[in-house]
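missing the sequence, but the structure's below:
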Ligand SMILES: Cc1cc2nc3c(=O)[nH]c(=O)nc-3n(C[C@H](O)[C@H](O)[C@H](O)COP(=O)(O)OP(=O)(O)OC[C@H]3O[C@@H](n4cnc5c(N)ncnc54)[C@H](O)[C@@H]3O)c2cc1C
């Protein structure tokens, strides 16, 4: 029987988490938002010896959710963040894509190729948080307003606390106060709604190491993947055409550009190099394009 579980993070008792207690303070780097993005950014900076302060509005890190499929590129990031080994202990390797098209009565089995494991979002959030140094995550700190300053920006909470940041990094999700501050357009929703959950099989599940991708019809897609021998994650995705734009053109272009650039640097084949150069030329890629992208005032 399908049994969705809601996972809640434990109360914030870790020694690396402090409550807000200063009325005015200054920091070199402030990250707004303690989700996956904010914690990964803090951990990446820390691994380079750079300190930062993560501000999270809730009193606990929100570890709710189901599972997240981490593919080869994700594992490369987790390796660099120094938490890959720890997270591998929490999730089995998935080696086969089992694709089923129900209406067409068709199915295929394809080897996964690169490393794929489904992590519990809770494990990912908690592992990142505990590897971030003491005092670098502040909970219960809701940034309500941001004003420009020289250098950087001044952040304030509804309680009147003022935090000066030389560098401000926005990782505050879809209703981002930082995105608003730098003048980015409002977030758009995708035309998909997801239901996620887990099923426990105390005596072991029968799904081996297969990731099932079941296309029920044009509107409904079901995924099911083992996490451990006794825990299976599932999601049901519903397509709601009126809900918004499917693809962000800029994100697609950046992905293609990054892929072509990476392949160009890696490949030894002259033909592949030429193909990559042709793609980059067609995209009008400038080598400093990313570095020069105007994120607005910081
Ligand atoms: C509760 C939850 C469950 C999810 N479950 C799954 C899942 O099971 N599987 C999956 O594939 N994806 C899941 N997702 C989506 C996936 O985790 C997101 O793609 C990813 O979390 C995006 O990360 P993010 O850090 O950019 O933003 P978010 O996860 O949205 O994190 C933003 C953080 O910023 C904080 N914040 C926002 N505004 C402010 C402010 N003004 N001041 C201070 N803090 C602020 C928020 O409280 C939040 O903690 C989930 C997302 C959430 C939020």
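Arrived safely, thanks for sending. Values in this document were obtained by computation on a predicted structure and should not be read as measured data. Numbers count the residues shown, from 1 in each chain.

pLDDT wise, what is residue 172 at?
In the predicted model, residue 172 carries a pLDDT score of 96.

And for it, the neighbour number?
Residue 172 is surrounded by 23 other residues when neighbours are defined as other Cβ atoms under 10 Å. Heads up, the C-betas are built off the backbone N, CA and C, glycines and all.

and the gap between it and the ligand?
4 Å (Cβ to the nearest ligand atom, to the nearest Å).

was I right about that residue contacting residue 30?
No: Residue 172 is not in contact with residue 30 according to Cβ atoms under 8 Å; the separation is 11.2 Å.

who's in contact with the residue of the stretch 151-298 of the chain found nearest the ligand?
Scanning the stretch 151-298 of the chain for proximity to the ligand using Cβ to the nearest ligand atom identifies residue 173 as nearest, at 2.7 Å. Residues in contact with residue 173 (Cβ atoms under 8 Å, 6 or more residues apart in numbering) are 33, 35, 37.

check contacts around the second one.
Going back to what we said before, that points to residue 35. Contacts for residue 35 were tallied using Cβ under 8 Å, 6+ apart; they are 62, 125, 171, 172, 173.

I'd like the distance between it and residue 235.
Noted for residue 35: a distance of 19 Å to residue 235, by Cβ to Cβ, to the nearest Å.

Nearest to residue 143, out of the contacts of residue 35: which one, please.
Within those, distances to residue 143 taken as Cβ to Cβ reach their minimum at residue 172, with 7.4 Å.

Tell me if residue 26 really is in a strand.
Yes: using DSSP: H, G, I helix; E, B strand; the rest coil, the assignment for residue 26 is a strand.

Just confirm it contacts residue 164, I think it does.
Yes: with contact taken as Cβ under 8 Å, residue 26 and residue 164 are classed as touching, separated by 4.2 Å.

List the buried residues for whichever strand or helix holds residue 254?
Using DSSP states H and E, the element containing residue 254 is helix 249-266. Within helix 249-266, the residues that qualify as buried are 257, 260, 261, 264, counting by 16 or more other Cβ atoms under 10 Å.

dump the residue contacts of the last one.
Under the criterion of Cβ under 8 Å, 6+ apart, the contact partners of residue 264 comprise 272, 273, 276, 277, 280.

By neighbours, which of those residues wins?
In terms of neighbour count, residue 276 stands highest of the contacts of residue 264 at 20 neighbours, by other Cβ under 10 Å.

mind checking the SS state of that residue?
Of the three states, residue 276 takes helix under three-state DSSP.

for residue 168, same thing?
Following three-state DSSP, we place residue 168 in the strand state.

Could you check how many residues crowd around it?
There are 24 residues near residue 168, going by other Cβ under 10 Å.

for the ligand, what are the nearby residues on the stretch 151-298 of the chain?
Residues of the stretch 151-298 of the chain lying near the ligand by Cβ under 6 Å from any ligand atom: 171, 172, 173, 177, 196.

how about those residues in TSV, adding secondary structure?
As requested, these are arranged in TSV below (three-state DSSP):
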residue	secondary structure
171	coil
172	coil
173	coil
177	helix
196	strand
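
Which pair of those residues spans the longest distance?
Farthest apart among those by Cβ to Cβ are 177 and 196. That separation is 26.7 Å.

Do a quick rundown of the helices in the protein.
Counting by DSSP state H, the segments of the chain that form helices are 36-47, 72-81, 84-88, 121-130, 177-181, 249-266, 270-283, 289-292.

can these go into a markdown table with extra columns for mean pLDDT and distance to residue 140?
Supplementary listing: these in a markdown table, determined by pLDDT from 0 to 100; distance: least, Cβ to Cβ, whole Å:
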| stretch | mean pLDDT | distance to residue 140 |
| --- | --- | --- |
| helix 36-47 | 96 | 15 |
| helix 72-81 | 93 | 25 |
| helix 84-88 | 97 | 27 |
| helix 121-130 | 96 | 15 |
| helix 177-181 | 95 | 16 |
| helix 249-266 | 80 | 33 |
| helix 270-283 | 89 | 44 |
| helix 289-292 | 47 | 35 |
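
Low-confidence bits of the protein, can you list those?
1-22, 242-250, 285-298 (pLDDT under 70).

got the buried residues for stretch 57-67?
Within stretch 57-67, the residues that qualify as buried are 57, 60, 61, 62, 63, 65, 66, 67, counting by 16+ other Cβ under 10 Å.
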